[in-house]
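S.K.: Here is my input; please provide its structure:
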Amino acid sequence: MIRTIVAAWVLAASMPASACLFYSNYHPFKATVPSGYDWDAAPPARTLPAPRVTVEQIVRVPAEPADYYTRISRCMAGTARLRVEWPVADAPPLREVGFGFVVPKNGPIADEGGPQAATVEDGAMTFDLFLFEGPQSAAIDMDIEIEVYAVDAGGGRGPGTRVRLKAPPAEARKEE
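M.R.: Purely as a prediction, here's the structure:
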């Protein structure tokens, strides 16, 4: 199931408002816990191993145009594709768990707020996380550490796996 993410930015008073439509390949994990459940304080679940996480691809948007309002009006967002697998065979089926992401505050990664799930294909879930970078951060190397952990429907949390998102500066836009 594809969930729609709508990111809207209100521009300066002299500019019209703009909205961007982004499609993600994941959706909120359905758990039996109350709304607003604190996954950071969740009890450890012995049945959930730390996931194996592979960074498959990072796409950064060009550092140009440098004008903030132009970047927003063009809905410029990159992605980081993560492949999440189980390292052991005796864990719960992958389709019965969700994954939480601990991302840096005020960083470029869009935080969905709560565990997510995706379609299981070839024994893994793939997550395309959105990257919203300004021109200054797009023009330098990316080196961000995030943590990925599994959760179960009853509110348990497994140990996390830390992974680094490393990428060179975004390429300059080629003028046509």
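
S.K.: what's across from the most centrally placed residue in the chain in the sheet?
M.R.: Per Cα atoms, centre = their mean, the C-alpha nearest to the average position across the chain is that of residue 129, at 2.9 Å. Here residue 129 sits in beta bridges with residue 80, going by DSSP bridges.

S.K.: For it, list the residues it contacts.
M.R.: Contacts for residue 129 (Cβ atoms under 8 Å, 6 or more residues apart in numbering) come out as 79-82, 101, 103, 109-110. Every residue, glycine included, has its C-beta placed from N, CA and C.

S.K.: Model confidence for it, exactly?
M.R.: In this prediction, residue 129 carries a pLDDT score of 92.

S.K.: all strands of this structure, in order?
M.R.: 3-9, 18-24, 26-28, 52-59, 78-85, 97-102, 116-118, 120-121, 124-131, 142-152, 157-167 (DSSP state E).

S.K.: So for the first one, mean pLDDT?
M.R.: Here the mean pLDDT over strand 3-9 is 31, rounded to a whole number.

S.K.: got the end-to-end distance for stretch 37-52?
M.R.: 25 Å (Cα to Cα, to the nearest Å).

S.K.: Check which residues of it are buried.
M.R.: Neighbour counts over stretch 37-52 (16 or more other Cβ atoms under 10 Å) mark 39, 42, 45, 48-51 as buried.

S.K.: What's the mean pLDDT across that stretch?
M.R.: Stretch 37-52 comes out at a mean pLDDT of 93.

S.K.: Can you give the contact residues for it?
M.R.: 31, 84-88, 91-92, 97, 99-100, 114-115, 148-152, 154-161.

S.K.: next one: stretch 111-119
M.R.: Here stretch 111-119 has contacts from 1, 25-31, 39, 97-101, 103, 125-127, 151, using Cβ under 8 Å, 6+ apart.
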